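>>> From the sequence below, what's the structure:
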Amino acid sequence: MPVDELDTRILRLLIEQPRTSVREYARLLGVARGTLQARLDRLERDGVITGTGPTLSPAALGHPVLAFVHVEVTQGHLDEVGEALARVPEIVEAFSITGGGDMMTRVVARDAMHLEDVIQRLIQVPGVVRTRTEVALRERVPHRMLPLVEAVGRAARAR
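So this is what the prediction gives:
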């Protein structure tokens, strides 16, 4: 089922006021609590809402260095390499990609030496051919979903 205008209003509230109760969301939206809960359940079931936990800062956890590491993988070993990368705690995300490499990882580290240690561990993973690392200097656009939610809402209103 596509996301409609009420869904986008719900998502906006979840983003802007994540610690509010379902009862308060229903009051703010002017809908019955049961209606809101049914919408939330559907949005979760459909995979639109994928979590409700806090967003954590790697820097505040002592890992201020952020790098994107491209990983070239021996053909046929993508799954095995992905499983091995999932065991490295400093890898906070990994994606299989097209283009210059087979996987892209987001790696956090305490400092440059720690980043080098993490990269050395990656190179030792069976099936990893080579890596290429790009260190992030400054975040220019933080992770965000509200502009996308607003665009979806505008499209829903236009339908």
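
>>> tell me the SS of residue 2?
coil (DSSP: H, G, I helix; E, B strand; the rest coil).

>>> distance of it from residue 152?
9 Å (C-beta to C-beta, to the nearest Å). All C-beta spots, glycine's among them, are computed from the backbone N, C-alpha and C.

>>> Comparing these two, which shows the higher neighbour count?
Neighbour tally, residue 2 and residue 152, criterion other C-beta atoms under 10 Å: the higher count belongs to residue 152, 19 against 9.

>>> starting at the chain centroid, how far to the helix or strand hosting that one?
Per DSSP states H and E: residue 152 is located in helix 146-158. The chain centre lies 20 Å from the centre of helix 146-158; the measure is C-alpha atoms, centre = their mean, to the nearest Å.

>>> residue boundaries of the strands in the protein?
Here the chain has its strands, by DSSP state E, at 65-73, 91-96, 103-109, 128-135.

>>> ok, back up a step: name the residues contacting each of residue 2 and residue 152.
With contacts taken as C-beta atoms under 8 Å, 6 or more residues apart in numbering, residue 2 and residue 152 have no neighbour in common.
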